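Asks: could you work out the structure for the sequence below:
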Amino acid sequence: MKKISLPIRFGLVTGAVLIAYFLVLAMVNKHINPAFSFVNAIITGLGVYEAVRLSKLENPSGFSYGEGFKTGIITGFIATLVFTAFFLFYTTEVNLEFLPQLLQTIKGGFNADVGMVTFVVAIMGIATSVVSALTVMQFFKNTRNIPQNQ
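Replies: The predicted structure is shown next:
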């Protein structure tokens, strides 16, 4: 349980930061612009980075690429789950005009309902988690390069 508690903890915190960012955007009525969701990738990446960094600090001798990647994936998936649940609640209970405004901003002529948009949010979060974990692990992987004499 000790191995899984770190990514769960960081996943919950990352999800809370994603929710806070969304609510700040909602206060200034910018949450209907999908371009601002790029910052979600940065927030998720920072959460994954910190989880993997602490995982390596706690057990430097037992740290491997697989362990770090697993920590990053779990962190990102938990954050995605938390944010997606909040997004669904916000869309269906808090602001019923949000989804029509969002779809109007996109101007794609989409006939999407709340389930489809929530599914897209979840898939985007999972994709961001995988990419973040792969990117972060480039910083923390052990190299096997042979030193070259010059």
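
Asks: could you use CA atoms for every contact and neighbour count after this?
Replies: Will do.

Asks: in what helix or strand does the spatially most central residue of the chain lie?
Replies: Geometric centre of the chain, nearest residue: Thr44, 3.7 Å, by Cα atoms, centre = their mean. Assigned by DSSP states H and E, Thr44 belongs to helix 38-58.

Asks: which is the next helix or strand following the lowest-mean-pLDDT helix or strand in the chain?
Replies: Lowest by mean pLDDT, DSSP states H and E among the helices and strands of the chain is helix 98-106, with a mean of 75. Remark: after helix 98-106, the chain's next helix or strand is helix 114-140, criterion DSSP H and E.

Asks: show me what that following helix is packed against.
Replies: helix 38-58, helix 65-89 (3 or more Cα pairs under 8 Å, 6 or more residues apart in numbering; DSSP states H and E).

Asks: and it with helix 98-106, angle?
Replies: 70 degrees (axes from the mean of the first three to the mean of the last three Cα atoms, to 10 degrees).

Asks: going by neighbour count, list what's buried in helix 114-140.
Replies: Neighbour-count burial for helix 114-140, with 16 or more other Cα atoms under 10 Å as criterion, is recorded at 117-118, 121-122, 125-137, 140.
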